[in-house]
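Student: Following is a predicted model, sequence given first.
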Amino acid sequence: MIPKISTLSGYLYEYQKSLANPEAFWGNIAENFYWRKKWDNVLEWDFDNYDTKWFVNGKLNITENIFEKNLFMLADQPAIIWEPNDPSEAAITITYKELFEKVCQFANVLKAQGVQKGDRVAIYMPMIPEAAVAMLACARIGAIHSVVFAGFSATSLSDRINDSQCKVVLTSDGNFRGKKNIAVKKVVDEALENCSSVEKVIVVQRTHAEVNMKAGRDLWWHEVVEGVFTDNVAEEMDAEDMLFILYTSGSTGKPKGVVHTTAGYMVYTAYSFINVFQYNKGDIFWCTADVGWITGHSYIVYGPLLAGATIIMYEGVPTYPDVDRFWEVVDKHQVTHFYTAPTAIRALMSYGIEPVNKHKLTSLKVLGSVGEPINEEAWQWYYLHVGKGNCPIVDTWWQTETGGMMMSPLAGITPTKPAYATLPLPGVQPIIVDNDGKELKGNNVEGNLCIKYPWPSMIRTTYGDHERCKNTYFSTFKGYYFTGDGVKRDADGYYRILGRVDDVINVSGHRMGTAEVENAINSHPLVIESAVVGFPHEIKGQGIYAYVVLDSASENHEVDKIRQSLLLTVSKVIGPIAKPDTIQVVTGLPKTRSGKIMRRILRKVAEKEIGSLGDTSTLLNPEVVEEIIEGAGLKVPS
Ligand code: WTA
């Protein structure tokens, strides 16, 4: 049994233990998993030339730890309860035994299609059980999955496929999302026009939309599994063999492929799941994220299944067919743990409490929040109206790169404080530094959040470019992993995440690099240059504000038409989630004499906070500032 903390003093004791001897601490937890061969050393690390190895030379397969290890106890227990988009369609329950068979069967299919250990497999799928089966089947045979959120555009998909040279793509014909019926396979077809590495595409039939099946390349999932054996011997993996790649946005360049490896990720996701959520056998856990994000990887698929939990997997959106759908599903499946993003809470809050009060919600025990800072108002609403004042909220701070939750209350154990992620999990050593990298000790301090010691599920590299990993995370503040987040430690020693301090914006809990959105906008033929910043948005947390300088040829077009066309371009290059909320056409961007865009000013205008623009005298073109302020509908301060 993975050790579970049950009291506050227990937490403090475990935390101290993890500081005093991290290797003994994690070694002890890792003992509770099934290893083909035990590790030699728990940890080898070096933050200067970034290299981290956990459970060195250990051999295992993560799916043996989900299935074989627990099957004698869990065989008939539901692993996945799948709730379809349309409530009139029946939910599907898949037991551990059935899931095991599906995973083995599909593992055999992948092998038969020539996928070998170490090959990369792209998964571009809606929220259907096959997405989880696909991930686990890859893990079973040692193939590295790269799940791409099915809302990304063909260009984004092909970039990701090419970056890691995926051999196979697993997808579906379409995707039912709310009222929409999205043509998923069509996006894949378009993406694959530029992907020479892909040999096979396997397509789940979900919507029965008409699709093009390319002879020799495309296969139907239901046809390839037919008659295939449902047993399979798992591939033996090294502790540090790659488990998956997940692309995420940073402050520069294209999204990078964050690499997670097998053993550390397994140990940490299971341990953090059980402890943060205080999971008990029989609990029904619902994480509303998409499998395309890290939250879906760690707390829909791996963490809960390693813990033997029953998960809800929901295909649709929070507001379909009505704004009370989440609460209806909670009652229908007697959900005990509900884990969602602040943006969803704020959106549902805007419909008032009547839709919530239509449902009992008495099964709920724990509420969770993830992905962005939760404002106090949303926290209180969640606590009072969804949790009826009886359910602790775990505000879990973490990142794609951290693999698992890093700071969070332990449900019902750590006293909570609205909008605070409270305290680090055992084994996590946060440190706050000022802009010169000096540690800010004590309480009542605010600065850059770093982590000073490795934890098992930390990023190992960025796929194909280790230098980039080193530069992004280990060079800003020497000797520390830099998160990119600002943080405050209050008088009680509690942590509150203040949001990104780099050029990453967080829109509805989705990370977006401003450079990435700018590049998309700049690809439009009428655009000379652009600058993108975030601004506070009531529902999304942050919205996207784009300042755009147009080519003289634009004079022949209506500005509104150009705006529409820019939105279309961003949707095509990245996906609809990256569409700016505001596009302001300007004649120039404020630049320093060295040619750098002064984003500070642009941020202030977007925030409508121009009272304190600061010093603009060093600008090359101070005259554009007034124009920008007026163009934003604001008054130039006298
Ligand atoms: C932000 C999502 C405040 C943060 C798991 C981080 C949060 C980024 C929280 C990572 C939280 C995540 N409170 N901010 N509880 N959780 N963030 O990689 O800025 O999609 O750096 O991982 O989301 O986003 P990512």
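Tutor: Okay, I see it.

Student: C-alpha from now on. contacts and neighbour counts both.
Tutor: Noted.

Student: Confirm residue 29 sits in a helix?
Tutor: Yes. If the criterion is DSSP: H, G, I helix; E, B strand; the rest coil, then residue 29 is within a helix.

Student: I'd say it and residue 3 touch.
Tutor: Yes. Using CA atoms under 8 Å, residue 29 is in contact with residue 3, at 6.8 Å.

Student: okay, and the common contacts of these two?
Tutor: residue 271 (CA atoms under 8 Å, 6 or more residues apart in numbering).

Student: Specify which residue of the two has the higher count of neighbours.
Tutor: residue 29 (17 against 12; other CA atoms under 10 Å).

Student: what residues are up against the more buried one?
Tutor: Per CA under 8 Å, 6+ apart, neighbours of residue 29: 2, 3, 267, 271.

Student: Show residues contacting the helix or strand harbouring residue 72.
Tutor: Assigned by DSSP states H and E, residue 72 falls within helix 71-74. Contact partners of helix 71-74, identified using CA under 8 Å, 6+ apart, comprise 96, 97, 308.

Student: how far does stretch 305-314 stretch from start to finish?
Tutor: End-to-end distance for stretch 305-314, by CA to CA, to the nearest Å: 16 Å.

Student: scratch that, stretch 505-518 is what I was asking about
Tutor: Stretch 505-518: ends 13 Å apart by CA to CA.

Student: How many residues are close by the residue lying closest to residue 453 once chain neighbours are set aside?
Tutor: Of all residues not flanking residue 453 in the chain, residue 429 sits nearest, at 6.0 Å (CA to CA, 6 or more residues apart in numbering). Here the number of neighbours of residue 429 (other CA under 10 Å) works out to 18.

Student: Assess the claim that residue 429 and residue 451 are in contact.
Tutor: Yes. The criterion here is CA under 8 Å, and residue 429 meets it with residue 451 at 5.6 Å.

Student: number of nearby residues for the closest residue to the ligand within the stretch 151-300 of the chain?
Tutor: Taking CA to the nearest ligand atom, the ligand has its nearest neighbour within the stretch 151-300 of the chain at residue 295, 5.4 Å off. Using other CA under 10 Å, residue 295 has 26 other residues around it.

Student: Residue 385 too?
Tutor: 17.

Student: Surely it is within a helix?
Tutor: Yes. Membership of residue 385 in a helix is supported by three-state DSSP.

Student: which residues does it contact?
Tutor: Here residue 385 is in contact with 353, 356, 357 (CA under 8 Å, 6+ apart).

Student: Surely the second one forms part of a helix?
Tutor: Yes. According to three-state DSSP, residue 356 belongs to a helix.

Student: how about the residues of the stretch 301-450 of the chain near the ligand?
Tutor: By CA under 6 Å from any ligand atom, the part of the stretch 301-450 of the chain that sits against the ligand consists of 370, 371, 372, 373, 395, 396, 397, 398, 399, 400, 421.

Student: near the ligand, which residues of the stretch 501-638 of the chain?
Tutor: 510, 511.

Student: Let me see the ranges of the strands in the stretch 501-638 of the chain.
Tutor: 504-507, 510-513, 527-537, 541-550, 582-586 (DSSP state E, counting those that start in this stretch).

Student: Provide the strand pairings for the second one, with the direction of each partner.
Tutor: Strand 510-513 pairs in its sheet with strand 504-507 (antiparallel), by DSSP bridges.

Student: now the strand it pairs with: mean pLDDT?
Tutor: Computed over strand 504-507, the mean pLDDT rounds to 95.

Student: Repeat that for stretch 239-246.
Tutor: Computed over stretch 239-246, the average pLDDT equals 98.

Student: List of residues touching that stretch?
Tutor: By CA under 8 Å, 6+ apart, stretch 239-246 touches 53-60, 118, 139, 142-148, 256-264, 293-294, 400, 463.

Student: can you do 7 Å?
Tutor: 53, 55-60, 139, 144-147, 257-263 (CA atoms under 7 Å, 6 or more residues apart in numbering).

Student: Using TSV, lay out the strands of the stretch 501-638 of the chain together with mean neighbour count.
Tutor: Converted to TSV, these look like this (neighbours: other CA atoms under 10 Å):
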stretch	mean neighbour count
strand 504-507	24
strand 510-513	22
strand 527-537	21
strand 541-550	23
strand 582-586	18
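
Student: Using CSV, lay out those strands together with distance to residue 205.
Tutor: Converted to CSV, these look like this (distance: least, CA to CA, whole Å):
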stretch, distance to residue 205
strand 504-507, 31
strand 510-513, 28
strand 527-537, 38
strand 541-550, 35
strand 582-586, 38
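
Student: Nearest to residue 413, out of those?
Tutor: strand 541-550 (28.2 Å; CA to CA).

Student: Show me what that closest one is packed against.
Tutor: If contacts are counted by 3 or more CA pairs under 7 Å, 6 or more residues apart in numbering; DSSP states H and E, strand 541-550 sits against strand 504-507, strand 527-537, strand 582-586.

Student: Just send those strands back as JSON lines, with distance to residue 603 too.
Tutor: Supplementary listing: these in JSON lines, determined by distance: least, CA to CA, whole Å:
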{"stretch": "strand 504-507", "distance to residue 603": "12"}
{"stretch": "strand 527-537", "distance to residue 603": "6"}
{"stretch": "strand 582-586", "distance to residue 603": "13"}
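
Student: which stretch among those comes nearest residue 7?
Tutor: Judged by CA to CA, the one of the helices and strands packed on strand 541-550 that comes nearest to residue 7 is strand 504-507, at 33.9 Å.

Student: what distance separates the closest one from the centre of its chain?
Tutor: A distance of 12 Å separates the centroid of the chain from that of strand 504-507, by CA atoms, centre = their mean, to the nearest Å.

Student: hmm, who's touching that strand?
Tutor: So strand 504-507 is contacted by 250, 251, 372, 511, 512, 513, 514, 534, 540, 541, 542, 543 (CA under 7 Å, 6+ apart).
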